[in-house]
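Undergrad: When you get a sec, could you give me coordinates for this:
(one chain, ligands or ions: 1)
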Amino acid sequence: MPRIAQSPTDPAFVQNPYPFYDRMRALGPLLHWDDYDLPCAVSHAAVNAILRDRRFGRERPDRSPPPDHLRPFYAIDDHSMLELEPPRHTRLRGLVLRAFTARRIAGLEPEIAALAQALIDRFPEGPVDLLPAFAQQIPVIVIARLLGVPEAMKDQLLDWSHAMVAMYQAGRTRAVEDRAASAARDFADFLRGHVEARRARPADDLITHLIAARDAGAQLSTDELIATCVLLLNAGHEATVHAIANGIKVLLEAGGPRDWLSPGRLDATVEEILRVDPPLHLFTRIAYEEVEVMGRRIAAGTEVTCLLAAAGRDPRHWEAPHRFDPGRMAKPHLAFGAGLHFCLGAPLARLEMRTALPILFARRPGLRLVGRPEYADSYHFHGLTALRVEG
Ligand code: HEM
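TA: Model prediction:
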């Protein structure tokens, strides 16, 4: 397998990883990324094949018990559907989907629209950083309301979530691990109390519906309920914040949205944003047996990285892949993954983007960037540190 080296914390890479992905792809669909010391799938075909292949999965069959200081983190992670395979994954995902229904999600549109309007009303005169003022607010408030967690806790939820998802970033240190474990303990304690309160006094919220969800007699245990709420809160806002902010940046860099956010073109524009600058670049899989992918042999037990963002710019799959072109022929991208773990929150993320972006640009048609927005050093996330605009 060809090899390639690139530090995932190198500032030039963090700001623009796409030239490196091109260099990787030129060497073949699968290669060894030295800095992760792992094989890496970079073409659309290879990433798509691995994500859909049941001989690969996320659950580690042979995981040794976690070190003591990380126990609180793994007490949650071990019950997270994202880290499980069938039959537990099937059971958990099925139960969650009984509560997280398409009808319940679609019904949130008026609330998301009202929230976007209210946030814009509060913009200060002059330049504004849209990251804290807009993009960060919508996903956390929406998911907190949906779950029935007090909205006043949103800053606390953001702190816990940031501390926990830092575990997946390149360059993880003991301090990052300690913060994640402490956040996991506090987050779980809070949710345990909240779940008990909802058991005693049911309400019309997702936590109550998750408690009630039953499938052929099966129910979520309290640990599974807590892990699911943490996953929905963390996954439900981290990626969506950056999808909204990257989308605003991409649209402004293209000279404004023209008619791309009109009702007939909106869906295609949102998908093109997710293809061209997705917020999550990399997920891993473990091979459960020896597998041949794109002519390369992968030994049983090997962890493989799948570069979703490289797949989105594969010239064999997308014409002029580096061009942001909402008019391009619609084809599925891999920003939400594929196969068994396909993003459960994709309908909600899409709804938030489809609702918030047109409202922002309708209210502020003269919006323009102030300076050049920078991406945070937090690979495999790909999100901005600030998004200053005026107009
Ligand atoms: C634009 C925003 C989002 C992006 C780009 C995104 C992306 C992804 C990706 C790539 C995966 C699959 C990971 C893998 O295959 O290993 C995933 C899984 C998941 N996402 Fe999202 N996500 C977003 C928003 C959301 C939201 C809003 C929620 C919930 C409210 C959510 C909940 C989940 C859950 C629960 C899973 C695990 C599904 C499973 O393991 O079966 N995501 N997401």
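Undergrad: C-alpha from now on. contacts and neighbour counts both.
TA: Noted.
Undergrad: What count of nearby residues applies to residue 224?
TA: Using other CA atoms under 10 Å, the number of residues around residue 224 comes to 19.
Undergrad: same deal with residue 100?
TA: Neighbours of residue 100 under the rule other CA under 10 Å: 21.
Undergrad: Give the phi and psi angles for it, as a check.
TA: phi -90, psi 70 (degrees, to the nearest 10).
Undergrad: give me every residue that touches the closest residue to it other than its chain neighbours.
TA: In this structure, residue 100 finds its nearest non-sequential neighbour in residue 206, 7.1 Å apart by CA to CA, 6 or more residues apart in numbering. Counting by CA atoms under 8 Å, 6 or more residues apart in numbering, residue 206 touches 99, 100, 146, 147, 148.
Undergrad: Give me the distance between residue 50 and the ligand.
TA: Using CA to the nearest ligand atom, to the nearest Å, one gets 10 Å for the distance from residue 50 to the ligand.
Undergrad: where does that residue land in three-state SS?
TA: helix (DSSP: H, G, I helix; E, B strand; the rest coil).
Undergrad: Tell me if I'm right that it and residue 57 touch.
TA: No: using CA atoms under 8 Å, residue 50 is not in contact with residue 57; the gap is 9.0 Å.
Undergrad: which residues do the two both contact?
TA: Shared contacts of residue 50 and residue 57, counting by CA under 8 Å, 6+ apart, come down to residue 285.
Undergrad: In which helix or strand does the residue nearest in space to the middle of the chain reside?
TA: Nearest residue to the geometric centre of the chain (CA atoms, centre = their mean): residue 239, 3.5 Å. Assigned by DSSP states H and E, residue 239 falls within helix 222-253.
Undergrad: now for the helix or strand hosting residue 198, which elements pack on it?
TA: Under the criterion of DSSP H and E, residue 198 resides in helix 174-200. The criterion is 3 or more CA pairs under 8 Å, 6 or more residues apart in numbering; DSSP states H and E, and the helices and strands that helix 174-200 contacts are helix 71-77, helix 154-165, helix 206-212, helix 222-253.
Undergrad: for the last one, packing partners?
TA: The one in question is helix 222-253. helix 71-77, helix 137-147, helix 154-165, helix 174-200, helix 206-212, helix 266-276, helix 346-363, strand 368-369.
Undergrad: and it, which residues are buried?
TA: 223-252 (16 or more other CA atoms under 10 Å).
Undergrad: need the residues of the chain near the ligand, please.
TA: For the chain, the contact set with the ligand under CA under 6 Å from any ligand atom comprises 81-82, 93, 231-232, 235-237, 239-240, 243, 279-280, 283, 335-337, 340-346, 348-349.
Undergrad: before we move on, the earlier item: my guess is the residue nearest to the centre of the chain contacts residue 274. True?
TA: No: here residue 239 lies out of contact with residue 274, judged by CA under 8 Å, at a distance of 10.7 Å.
Undergrad: Identify the residue of the stretch 1-150 of the chain closest to the ligand, quick one.
TA: residue 82 (3.3 Å; CA to the nearest ligand atom).
Undergrad: Run a quick neighbour tally on that residue.
TA: Neighbours of residue 82 (other CA under 10 Å): 21.
Undergrad: phi, psi of residue 280?
TA: Here residue 280 shows phi and psi, under degrees, to the nearest 10, equal to phi -120, psi 120.
Undergrad: burial of it, as a residue count?
TA: Residue 280: 23 neighbours (other CA under 10 Å).
Undergrad: From residue 284, how far out is the closest residue to it other than its chain neighbours?
TA: Nearest residue to residue 280, sequence neighbours excluded (CA to CA, 6+ apart): residue 381, at 4.8 Å. Relative to residue 284, residue 381 is positioned 14 Å away (CA to CA, to the nearest Å).
Undergrad: Pick out whichever of the two has more residues nearby.
TA: Taking other CA under 10 Å, residue 381 and residue 284 do not tie; residue 381 has more neighbours (23 against 18).
Undergrad: what sits against that one?
TA: Counting by CA under 8 Å, 6+ apart, residue 381 has contacts 169, 239, 279, 280, 281, 282.
Undergrad: how close does the second one get to residue 140?
TA: Here residue 239 is placed at a distance of 11 Å from residue 140 (CA to CA).
Undergrad: and what of the fifth one?
TA: For residue 281, the distance to residue 140 (CA to CA) stands at 21 Å.
Undergrad: Neighbour count: those two, which is higher?
TA: residue 140 (24 against 20).
Undergrad: dump the residue contacts of the more buried one.
TA: So residue 140 contacts 154, 158, 233, 236, 237 (CA under 8 Å, 6+ apart).
Undergrad: Next: residue 354.
TA: 266, 267, 270 are the contacts of residue 354 under CA under 8 Å, 6+ apart.
Undergrad: Could I get the pLDDT score of the residue nearest to the centre of the chain?
TA: pLDDT recorded at residue 239 is 94.
Undergrad: Same check on the one 4 residues further on?
TA: Residue 243 carries a pLDDT score of 98 in this model.
Undergrad: can you offset everything so residue one is 551?
TA: Done: numbering now begins at 551, and the last item shifts to residue 793.
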